[in-house]
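**Q** Build me a model from this:
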Amino acid sequence: MTQTGGLTWVKQRWGDFESFVEGVLYDRDLSISARLFGLFLNPFSYLFYGIVWSRLFLYSKGLFFRSTRLDALVIVVGNLTMGGTGKTPVVERLARELVAKGRKVAVLSRGYKSKEEGASEKQSTTKVVSNGSKVLLDSEEAGDEPYMLAHNLPGVLVLTDKDRVRAGRFAIEEYGVDVLILDDGFQFLPMQADMNLLLVDQLNPFGNHKLLPRGILREPVRHLCRASYVLITKSEIEPQLELLETIRKYNKNAEIIRCAHKPKVFREINGTEEKKLSFLFELQAGVFCGIASPRGFEQLIHRMSGELRYKKRFLDHHRYEKDELERLFQQAKNSGVEVMITTEKDAVRIPDDFKPVIPLYYLRMEIEIVEGYDDFEEAVSSICELRPSNQKHANQDLVMPQSKD
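**A** Numbering: from 1, shown residues only. As a prediction, this is how the structure comes out:
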């Protein structure tokens, strides 16, 4: 076996193992081996819970760790689970409305899966993905979500840094911003938040209710109590009463807002063409994506197309290579597919020089409020009315959850 062939084999085996682990975490794999591996992971979930509890306790009491107050309004958009709740469209909608109301906004992201994310804390620096007028980094350097936000939000500063306190100071001092939005920041405790927008996926709210690494929870469900607003995403239909009761059990005061991700337009990848939503109606379609929750996207394309003839799933944040795309598209073409569709998040990870053998589009999605629209507008208006000198939101200080699951 050649060195290149060996590396390819190792890469494929590692990808298979990652897929297996993901199947266990999301309870998609019900095989005996998956169940045994799940039992093996259970003790580590209790250990993870201890770390989460201790960290929150130390920050809430100011012991060894303290949350920093910055001279700007700090809004957190996050969730209790790993990925898949639709944070990026919410961040985009919130930032756009704040800019429209005259605020100077910066979005702070960790830059997950960016090229330098593995660098040590001393080596890493704040990276400017967009200065508000120009996108300065590509998706590989910035990460998928920051690049998407930078591309879709003219007038908004987009920064990436593992140390978002440092990034926040940089945004204030160098660009004079007065609102900081922390993308995926619910677990980032070093910075004091004025408002926590917690997203809950209606289709899979809390997974199997187990913490990492056995489940998808980053924090126990009772930490819903730290939210200022709870946004139930992917909420095309009324949520089950059990979900609403769970939210109210742990948080009696937060406004609950239902929202849905609505398709808007198909846009050609590595091209300029746009298509109306109706163009798929009589076509044989194929889909591929590397997102945390692919089923909803596949079902959507199935409903919009004449027939869904091909689908392929990759791991979340998978970065595509030309040769695997060429094989994928040839398989799809052999299956009778006339057009291939992927997500906007996947589109930024496709090489610029890739030339598909069949047309390739991504589906542009935008967030719409289904219920509680006045509450969302009220939240944006209240943010605009506040000033850093008189911040007094109820979630300014961390409070340890008291109730038990």
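**Q** check contacts around residue 312.
**A** 286, 287, 288, 328, 331 (C-beta atoms under 8 Å, 6 or more residues apart in numbering). In short, each C-beta sits where N, CA and C put it, glycine included.
**Q** Apply 7 Å and report the result again.
**A** Counting by C-beta atoms under 7 Å, 6 or more residues apart in numbering, residue 312 touches 288, 328.
**Q** Quick check: longest helix in the chain by residues?
**A** For the chain, the helix that runs over the most residues, judged by DSSP state H, is helix 32-61.
**Q** buried set for that one?
**A** 34, 37, 38, 41, 45, 48, 49, 52, 56, 59, 60 (16 or more other C-beta atoms under 10 Å).
**Q** Am I right that the first one is in contact with residue 23?
**A** If I follow you right, that is residue 34. Yes: the criterion here is C-beta atoms under 7 Å, and residue 34 meets it with residue 23 at 6.1 Å.
**Q** hang on, the earlier thing: what about the longest helix of the chain, distance to the chain center?
**A** 22 Å (C-alpha atoms, centre = their mean, to the nearest Å).
**Q** now the very next helix or strand once past that helix, how far from the centre of its chain.
**A** Per DSSP states H and E, the first helix or strand lying C-terminal to helix 32-61 is strand 73-79. The chain centre lies 13 Å from the centre of strand 73-79; the measure is C-alpha atoms, centre = their mean.
**Q** Now residue 295: which helix or strand?
**A** helix 294-304.
**Q** and the spatially most central residue of the chain, what is it in contact with?
**A** Nearest to the mean C-alpha position of the chain, by C-alpha atoms, centre = their mean, lies residue 87 at 4.5 Å. Counting by C-beta under 7 Å, 6+ apart, residue 87 touches 77, 78, 79, 183, 184, 199.
**Q** Give the burial count for the nearest residue to residue 110 once chain neighbours are set aside, as a bare number.
**A** Using C-beta to C-beta, 6 or more residues apart in numbering and skipping residues adjacent in sequence, the residue nearest residue 110 is residue 162, 5.7 Å away. Counted by other C-beta atoms under 10 Å, the residues lying close to residue 162 total 20.
**Q** what does the model give residue 162 for pLDDT?
**A** Turning to residue 162, the model gives it a pLDDT of 94.
**Q** That one and residue 69, how far apart?
**A** Going from residue 162 to residue 69 by C-beta to C-beta, to the nearest Å gives 20 Å.
**Q** The longest helix of the chain packs against which elements?
**A** helix 3-25 (3 or more C-beta pairs under 7 Å, 6 or more residues apart in numbering; DSSP states H and E).
**Q** Check which residues of the helix it packs on are buried.
**A** 21, 22, 24, 25.
**Q** how far away is the third one from residue 36?
**A** Relative to residue 36, residue 24 is positioned 10 Å away (criterion: C-beta to C-beta).
**Q** and if you look at the first one?
**A** Shown here: residue 21 relative to residue 36, a distance of 13 Å by C-beta to C-beta.
**Q** Then residue 220?
**A** Taking C-beta to C-beta, one finds residue 220 at 25 Å from residue 36.
**Q** for residue 313, same thing?
**A** 24 Å.
**Q** List the buried residues of stretch 214-225.
**A** Here stretch 214-225 shows 214, 215, 216, 217, 218, 219, 220, 221, 222, 223, 224, 225 as buried, counting by 16+ other C-beta under 10 Å.
**Q** now stretch 184-198
**A** 184-186, 188-189, 191-198.
**Q** buried sites along stretch 350-358?
**A** For stretch 350-358, by 16+ other C-beta under 10 Å, it's 350, 356.
**Q** avg pLDDT for it?
**A** 95.
**Q** Residue 224 and residue 253 touch, don't they?
**A** No: contact between residue 224 and residue 253 fails when scored by C-beta under 7 Å: they sit 11.0 Å apart.
**Q** Show residues contacting stretch 330-348.
**A** 139, 144, 147-148, 269, 280, 283-291, 297, 301, 309-310, 329, 356-365.
**Q** Can you list the buried residues in it?
**A** 332-333, 337-348.
**Q** The lengthiest strand in the chain - contacts with which helices or strands?
**A** Counting by DSSP state E, the longest strand found in the chain is strand 255-268. In terms of contacts (3+ C-beta pairs under 7 Å, 6+ apart), strand 255-268 is packed against strand 229-233, strand 274-275, strand 360-371, helix 373-385.
**Q** Let me have those in JSON lines, adding distance to residue 153 and mean neighbour count as columns.
**A** Below are the helices and strands packed on strand 255-268 laid out as JSON lines (distance: least, C-beta to C-beta, whole Å; neighbours: other C-beta atoms under 10 Å):
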{"stretch": "strand 229-233", "distance to residue 153": "19", "mean neighbour count": "24"}
{"stretch": "strand 274-275", "distance to residue 153": "19", "mean neighbour count": "14"}
{"stretch": "strand 360-371", "distance to residue 153": "13", "mean neighbour count": "19"}
{"stretch": "helix 373-385", "distance to residue 153": "15", "mean neighbour count": "15"}
